[in-house]
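K.L.:
heads up, no residue letters with this:
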């Protein structure tokens, strides 16, 4: 069979192969494929939020395999040591304000990943400030400068010095 005839024969099969691929239902994925596409974390469980009060023992900025990406705070409190995930979107001024020895209160929900528990922080409260890390639904939010998201009352003159 000549090269031209082989190409024509293969070209004749192509529409059938494409049609067969399109006929596979979109939902016919294996459980592993479905899990990978969805991500590795469960939905945020706002119904089981808790508040942890303690002291920052370590600020972890380097990613560790098996843990959620982004900054973590290791916080020591009455519950013991808690690994609080605060994510990759902390503004520079918030990152600089978080340090070892800082008294902090964290509102969030616990999540188990690869056999290890993490507190998915929704709010950080420290130094009279409130920093929102996640929405009510658990989606990470982009960092807002602390002076733009503070619990302190605004100055009477509108902040003008």
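P.N.:
Yep, that arrived. Just so it is clear, the structure is predicted and the values come from calculations on it, not from any experiment.

K.L.:
use CA for all of it now, contacts and neighbours both
P.N.:
Noted.

K.L.:
residue boundaries of the strands in the protein?
P.N.:
For the chain, the strands defined by DSSP state E occupy 50-60, 71-77, 80-87, 103-113, 116-126, 129-132.

K.L.:
nearest to residue 96, out of those?
P.N.:
Minimum separation from residue 96 across these (CA to CA) falls at strand 50-60, 10.3 Å.

K.L.:
sheet partners, orientation included, of that closest one?
P.N.:
Note on strand 50-60: by DSSP bridges, its sheet partners are strand 71-77 (antiparallel), strand 103-113 (antiparallel).

K.L.:
now the ones you listed in JSON lines, with mean pLDDT and distance to residue 94?
P.N.:
Below are those laid out as JSON lines (pLDDT from 0 to 100; distance: least, CA to CA, whole Å):
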{"stretch": "strand 71-77", "mean pLDDT": "97", "distance to residue 94": "11"}
{"stretch": "strand 103-113", "mean pLDDT": "95", "distance to residue 94": "13"}
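
K.L.:
which stretch among those strands is buried most, on average?
P.N.:
Comparing the strands paired with strand 50-60 by mean neighbour count (mean count of other CA atoms under 10 Å), strand 71-77 comes out on top with a mean of 22.

K.L.:
tell me which residues are up against it.
P.N.:
52-63, 81-88 (CA atoms under 8 Å, 6 or more residues apart in numbering).
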